[in-house]
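In: Using only what follows, build the 3D model:
(one chain, ligands or ions: 1)
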Amino acid sequence: MFYSIIKFIIFLTIFSFIQVDSQGIAASPFLRDGRFGVYHYDVTAMKGRQVQYPIHPMILARRSLREMNGLPISKSTLMSLFEASRWAPSYYNVQSWRYVYAMRDSPYWDKFVNALVPANQKWARHASALIVVLSNKYQIHKGEKKLVETHTFDTGASWMLMALEGTARGLVVHPMSGYDKEKIARAIGLKSDDYKIEAMIAVGNRVRLISNEKITDRNPIDKFVSEGIFKEKVYQ
Ligand SMILES: Cc1cc2nc3c(=O)[nH]c(=O)nc-3n(C[C@H](O)[C@H](O)[C@H](O)COP(=O)(O)O)c2cc1C
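Out: Modelled structure (predicted):
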């Protein structure tokens, strides 16, 4: 009897760690923790990443995962990602970033998928949304068209906020440069040279609680940081 009670308690403890979300997907408490509302980023991703100095754990939790379950995300979730991207800093607050998206159940979806290189199509077709990231090279300043030298830099900051917002919600937000530029320009009806296509992004729901995809590492800080004088460093 005593052992049965112990077994029952162990069973309850394990079971309480498995939750099923509104889409019927089992999710760990790391991915879905009611205390944080929609925010439930994956702390397990951090285990394989060693830091030299302490940083916010969400930065380590962001990963370019390829596994996605093909289920939809809501339009309002996608809009929250764009909302995050909206708050990036930019040169004179010009906000050069532009985004064009396709949800997987929309008529635009196939054209977006077909623009990807085959290696990316293989996994990104299980995404919930595909996004084209563009930047506007110019601004109109005092009636004159002027080059915004930082259009790419500013757009990089904008997409990264989207990536962090997605990470905080337990989503995959995976950037890609493997696509056919002409195909995607045609798909989104881009005709002007004033815009640079910067990247595409796959946004989707994760498949498993603890991904077995390879965790990428980084160069040590002294490889890319110098004090006072720039030092050319040889990367391995
Ligand atoms: C501009 C850019 C282009 C990328 N293109 C691809 C791509 O075409 N296909 C792919 O699978 N991953 C792509 N990646 C993801 C990188 O491989 C990934 O960011 C890198 O390996 C570091 O891993 P992490 O993002 O999980 O930290 C791209 C990332 C960036 C920033």
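In: Up against the ligand, what does the chain have?
Out: Residues of the chain lying near the ligand by CB under 6 Å from any ligand atom: 63-64, 120, 175-178, 199, 216. For the C-beta atoms, the positions are set from N, CA and C on the backbone; glycine is no exception.
In: Just read off the phi/psi values of the residue nearest to residue 162 when sequence neighbours are not counted.
Out: Excluding the flanking residues, the one nearest residue 162 by CB to CB, 6 or more residues apart in numbering is residue 85, at 4.1 Å. Torsion angles at residue 85 (phi, psi; degrees, to the nearest 10) stand at phi -70, psi -20.
In: Is it correct that residue 85 is in contact with residue 96?
Out: No - in this structure residue 85 lies outside contact range of residue 96 using CB atoms under 8 Å: 11.9 Å.
In: picking that back up, give me every residue that touches the residue nearest to residue 162.
Out: Residue 85 is in contact with 97, 99, 158-159, 161-162, 165, counting by CB atoms under 8 Å, 6 or more residues apart in numbering.
In: Which one of these is nearest to the ligand?
Out: For these, the residue nearest the ligand by CB to the nearest ligand atom is residue 159; the value is 8.6 Å.
In: Show me what the host helix or strand of the closest one is in contact with.
Out: Residue 159 is part of helix 151-168 when elements are defined by DSSP states H and E. With contact meaning CB under 8 Å, 6+ apart, helix 151-168 is reached by 39-42, 58-59, 61-63, 80-91, 94-97, 133-137, 148, 172-173, 175, 196, 198-199, 201, 203.
In: how about it: buried residues?
Out: Neighbour counts over helix 151-168 (16 or more other CB atoms under 10 Å) mark 151, 154-156, 158-168 as buried.
In: From the contacts of helix 151-168, which land in helices?
Out: Counting by DSSP state H, those place 58-59, 61, 80-86 in helices.
In: Could I have the buried ones of these as ChimeraX selection syntax?
Out: To isolate the buried members of these in ChimeraX, using 16+ other CB under 10 Å:
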select :58,61,80,81,82,84,85
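In: my read: residue 126 touches residue 204, true?
Out: Yes - between residue 126 and residue 204 there is a contact under CB under 8 Å: 6.3 Å.
In: ok so residue 110 is a strand residue?
Out: No - read with DSSP: H, G, I helix; E, B strand; the rest coil, residue 110 is helix and lies in no strand.
In: Around it, how many other residues sit close by?
Out: By the criterion of other CB atoms under 10 Å, residue 110 has 13 neighbours.
In: Quick check, central residue of this protein?
Out: residue 173 (2.1 Å; CA atoms, centre = their mean).
In: Roughly how far does the closest residue to that residue other than its chain neighbours sit from residue 182?
Out: Leaving aside its sequence neighbours, residue 173 sits nearest to residue 166 (CB to CB, 6+ apart; 3.6 Å). Per CB to CB, to the nearest Å, residue 166 is found 28 Å from residue 182.
In: Lowest-scoring secondary structure element of this protein by mean pLDDT?
Out: Scoring the helices and strands of the chain by mean pLDDT, DSSP states H and E places strand 19-20 at the bottom, with a mean of 37.
In: Let me see the contact set for residue 113.
Out: Under the criterion of CB under 8 Å, 6+ apart, the neighbours of residue 113 are 121, 124-125, 130.
In: Please repeat the previous calculation with a cut-off of 6 Å.
Out: Residue 113 is in contact with 121, 125, counting by CB atoms under 6 Å, 6 or more residues apart in numbering.
In: do you know how far it is from residue 216?
Out: 25 Å.
In: Just the strands from this structure, written as ranges.
Out: Assigned by DSSP state E, the strands in the chain fall at 19-20, 26-27, 97-103, 129-136, 138-141, 144-147, 171-176, 195-205.
In: Mind checking these for the one nearest to residue 52?
Out: Of all the strands of the chain, it is strand 171-176 that lies closest to residue 52, at 24.4 Å by CB to CB.
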